[in-house]
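**Student:** quick one: sequence and predicted model below, then my questions.
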There are 2 protein chains.
Amino acid sequence: MARPPTLEFWFEFASTYSYLSAARIEALAGEAGVSLRWRPFLLGPIFAAHGWTSSPFNLFPAKGRNMWRDLAREAARLGLPPVRQPPSFPQNSLTATRVAAYGAEQPWIGHFVRAVYEAEFARGQSIAEPASVAALLDGLDLDGHALVKLAASEPHKSRLRVVGEEAKSRGIFGAPTFLTEDGELFWGNDRLEQALAWALGERPAGVR
Amino acid sequence: MARPPTLEFWFEFASTYSYLSAARIEALAGEAGVSLRWRPFLLGPIFAAHGWTSSPFNLFPAKGRNMWRDLAREAARLGLPPVRQPPSFPQNSLTATRVAAYGAEQPWIGHFVRAVYEAEFARGQSIAEPASVAALLDGLDLDGHALVKLAASEPHKSRLRVVGEEAKSRGIFGAPTFLTEDGELFWGNDRLEQALAWALGERPAGVR
């Protein structure tokens, strides 16, 4: 049997539209026969290179107002619970991202990623504190305290800087981003279905 | 018979994703039984308020590279001709926008809007010069020279400033934007179908 095609899912835990993709990508990839590679990363350094000190949704208020409204509509359309905003936005995602980077190949990764996003955007809780992330891991019958500690130790801790450099070098400027094995980049939850189709070899007429 | 619902289509002639909407909105609205209101406007003053001196697609090169690639894929998916970039981007859209504002209620408005976008993004021509816009009008059996001159005269000329203030006050931050009669805002070509559905009274479950 041929090896299934792989799709990389680059996501940032603070990102609202990454949530919409994280909620459904494992199921959609499974149905499509596409192998999923979870690529947690931090958007902060990429935004900082634009001179942005916060999320563009905070820096440009009209854009931010639309984002929250659009997120509510899209969550409803996708059958997700009503959106609740976390106590501050964007959330500091460092601990959650370290754990996800550490566990990216583990069988619990999908459950963990969804647990973080649901806490943040469906229950409106903070995910910023190591204790919050540990509690979510505990809820998955994992040892939260130990995993958070391990993910924050060397050499795992430094991995995120390397991942950030890889993101920049591969043209990533936002999240979610989907990258196919032949380097095709799709940005935004609205492109998830097209990214999966591309990974399967489908092309719009005339596009190579 | 009840009056059909109206959808406002706010577009900027320099905007690539506005092109994708302009190419199909009249047909889609007609099929849906939604009355269309063409709202040409200039994004420049709104971007300038963000401190941007050019298109964000130029200011943030990775975002720009993705936009052109995504535009090519989306144009193919929507059955439009291969995209050709105009000689400079973004194009100065002042003359075309003045003519569209002048003719927004005229029977030729849809034909004119599509003719401008096709010249710009399907044939890769400049639309910046008054003579280019006049030639496109001539191609529609209109008096291009006279219309360009009229649209640039008072009181029509000043109208765009008022329209720009209206755009800001209604929360518009980009193009294309779709606004329903109850003030629901949808941003981006990806939301055209949802904006039409909203105009017809359809709501995702749980959203008001």
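**Tutor:** Ah, there it is.
**Student:** make it CA atoms for all contacts and neighbour counts henceforth
**Tutor:** Noted.
**Student:** looks to me like residue A:7 is in a strand.
**Tutor:** Yes. Applying DSSP: H, G, I helix; E, B strand; the rest coil, one finds residue A:7 inside a strand.
**Student:** for it, what are its contacts?
**Tutor:** Residues near residue A:7 by C-alpha atoms under 8 Å, 6 or more residues apart in numbering or on different chains: A:34, A:35, A:36, A:37, A:178, A:179, A:180, A:181, A:195, A:196, A:199.
**Student:** please apply the same query to residue A:42.
**Tutor:** Neighbouring residues of residue A:42 by C-alpha under 8 Å, 6+ apart: A:12, A:93, A:94, A:97, A:160, A:164.
**Student:** and if we set it to 10 Å?
**Tutor:** Residues near residue A:42 by C-alpha atoms under 10 Å, 6 or more residues apart in numbering or on different chains: A:10-15, A:92-94, A:97-98, A:160-161, A:163-164, A:167, A:174-175.
**Student:** look up phi and psi at residue A:177.
**Tutor:** Reported as degrees, to the nearest 10, the phi and psi values for residue A:177 are phi -130, psi 140.
**Student:** in chain A, which segments are predicted with low confidence?
**Tutor:** A:1 (pLDDT under 70).
**Student:** please enumerate the helices of it.
**Tutor:** A:16-22, A:25-32, A:44-49, A:56-59, A:61-77, A:94-102, A:109-117, A:130-138, A:144-151, A:156-169, A:192-199 (DSSP state H).
**Student:** closest to chain B out of those helices?
**Tutor:** Nearest to chain B, of all the helices of chain A, is helix A:61-77, at 5.3 Å by C-alpha to the nearest C-alpha.
**Student:** contacts for the closest one?
**Tutor:** The contact list for helix A:61-77 (C-alpha under 10 Å, 6+ apart) reads A:16-17, A:19-20, A:23, A:55-58, A:80-85, A:121-122, A:189-190, B:168-174, B:184-187, B:191, B:194, B:203-208.
**Student:** any chance of a markdown table for the helices of chain A, columns mean neighbour count and distance to residue B:41?
**Tutor:** Below are the helices of chain A laid out as a markdown table (neighbours: other C-alpha atoms under 10 Å in any protein chain shown; distance: least, C-alpha to C-alpha, whole Å):
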| stretch | mean neighbour count | distance to residue B:41 |
| --- | --- | --- |
| helix A:16-22 | 24 | 28 |
| helix A:25-32 | 15 | 37 |
| helix A:44-49 | 15 | 29 |
| helix A:56-59 | 14 | 23 |
| helix A:61-77 | 17 | 17 |
| helix A:94-102 | 24 | 41 |
| helix A:109-117 | 21 | 38 |
| helix A:130-138 | 19 | 46 |
| helix A:144-151 | 18 | 50 |
| helix A:156-169 | 15 | 34 |
| helix A:192-199 | 21 | 31 |
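**Student:** close to chain B, is stretch A:12-25?
**Tutor:** No. Stretch A:12-25 stays clear of chain B (C-alpha under 10 Å from any C-alpha of the partner chain), getting no nearer than 14.1 Å.
**Student:** that stretch: end-to-end distance?
**Tutor:** End-to-end distance of stretch A:12-25 (C-alpha to C-alpha, to the nearest Å): 14 Å.
**Student:** and it, how far out from the chain middle?
**Tutor:** Here stretch A:12-25 is found 5 Å from its chain centre; the criterion is C-alpha atoms, centre = their mean, to the nearest Å.
**Student:** thinking again about what came up before, of all the contacts of residue A:7, which comes closest to chain B?
**Tutor:** Chain B lies nearest to residue A:195 out of the contacts of residue A:7, by C-alpha to the nearest C-alpha, at 11.1 Å.
**Student:** contacting residues for that closest one?
**Tutor:** Contacts of residue A:195 (C-alpha under 10 Å, 6+ apart): A:7-9, A:177-180, A:184-187, A:189, A:201-202.
**Student:** how near is it to residue A:186?
**Tutor:** 6 Å.
**Student:** overlap in contacts of the two?
**Tutor:** Joint contacts of residue A:195 and residue A:186 (C-alpha under 10 Å, 6+ apart) are A:9, A:177, A:178, A:179, A:180.
**Student:** correct me if wrong: the fourth one contacts residue A:187.
**Tutor:** The reference is to residue A:179. Yes. Taking contacts as C-alpha atoms under 10 Å, residue A:179 lies within contact range of residue A:187: 8.8 Å.
**Student:** common neighbours of the two, please.
**Tutor:** Common neighbours of residue A:179 and residue A:187 (C-alpha under 10 Å, 6+ apart) are A:10, A:172, A:195.
**Student:** filter the contacts of residue A:7 down to the buried ones.
**Tutor:** When the contacts of residue A:7 are checked for burial by 16 or more other C-alpha atoms under 10 Å in any protein chain shown, the buried set is A:34, A:35, A:36, A:37, A:178, A:179, A:180, A:195, A:196, A:199.
**Student:** dump the residues you listed to JSON lines, plus distance to residue B:140.
**Tutor:** Listed next are the buried ones among the contacts of residue A:7 as JSON lines, based on distance: C-alpha to C-alpha, whole Å:
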{"residue": "A:34", "distance to residue B:140": "49"}
{"residue": "A:35", "distance to residue B:140": "52"}
{"residue": "A:36", "distance to residue B:140": "51"}
{"residue": "A:37", "distance to residue B:140": "52"}
{"residue": "A:178", "distance to residue B:140": "43"}
{"residue": "A:179", "distance to residue B:140": "43"}
{"residue": "A:180", "distance to residue B:140": "44"}
{"residue": "A:195", "distance to residue B:140": "39"}
{"residue": "A:196", "distance to residue B:140": "42"}
{"residue": "A:199", "distance to residue B:140": "43"}
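**Student:** so which of those residues are in strands?
**Tutor:** Among the buried ones among the contacts of residue A:7, the members found in strands (DSSP state E) are A:35, A:36, A:37, A:178, A:179, A:180.
**Student:** same list, the residues you listed, but as TSV with distance to residue A:105 please.
**Tutor:** Putting these into TSV (distance: C-alpha to C-alpha, whole Å) gives the following:
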residue	distance to residue A:105
A:35	12
A:36	10
A:37	8
A:178	17
A:179	17
A:180	18
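**Student:** could you dump the residues you listed to JSON lines with distance to chain B?
**Tutor:** JSON lines is the format used below for these (distance: C-alpha to the nearest C-alpha, whole Å):
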{"residue": "A:35", "distance to chain B": "23"}
{"residue": "A:36", "distance to chain B": "22"}
{"residue": "A:37", "distance to chain B": "21"}
{"residue": "A:178", "distance to chain B": "12"}
{"residue": "A:179", "distance to chain B": "12"}
{"residue": "A:180", "distance to chain B": "14"}
